[in-house]
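Asks: build me a structure from this.
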Amino acid sequence: MGTVAATLTLQGSVAAIGGLMSMSSFLVRALAVYALAVALTQKEGPGGVFGRARAGVIREFGEESSVAAGVQCPVCASFWLAWVVSLLPEWAARGLALAGVTVVVERLAQGQKLEIVL
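Replies: Residues are numbered from 1 along each chain as shown. Take a look at the predicted model:
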């Protein structure tokens, strides 16, 4: 399998809550949302906290509820998490973004396809 090198130049800004956000800040926050969404919906978390929270939501609202679906689907959870991450200070978003990059690298290393299903 060959190697592909790509250069990505990002310029400009994107619309955000309260005004414009630089493209780099937008990407940092998008990766932060991705990291949190995957952690909350698919991982057990430190001490099993995410797994227990998901199980509690499913038990409380029922397995077929939209709330239960929301805590098991990264895309669904990301809608709500995006609002939270948009309010975080930049340093916190960057830390979460590094976790997001780690999730992507881990999945690629395991040979998983990165798909976005809407």
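Asks: let me see the ranges of the strands in this structure.
Replies: 13-16, 19-22 (DSSP state E).
Asks: compare those and say which comes out lowest on pLDDT.
Replies: Ranked by mean pLDDT, the strands of the chain bottom out at strand 13-16, with a mean of 55.
Asks: show me where pLDDT drops low in this protein?
Replies: Residues of the chain that meet the criterion pLDDT under 70 lie in 1-20, 114-118.
Asks: mind doing that once more with 90?
Replies: For the chain, applying pLDDT under 90 flags the ranges 1-31, 34-35, 74-76, 79-80, 86-118.
Asks: ok, which stretches of it are helices?
Replies: Assigned by DSSP state H, the helices in the chain fall at 23-42, 49-61, 66-70, 74-86, 90-109.
Asks: from the ones you listed, which stretch is densest packed?
Replies: Across the helices of the chain, averaging neighbours per residue (mean count of other C-beta atoms under 10 Å) puts helix 23-42 on top, at a mean of 20. Where C-beta positions appear, they are placed from N, C-alpha and C, glycine not excepted.
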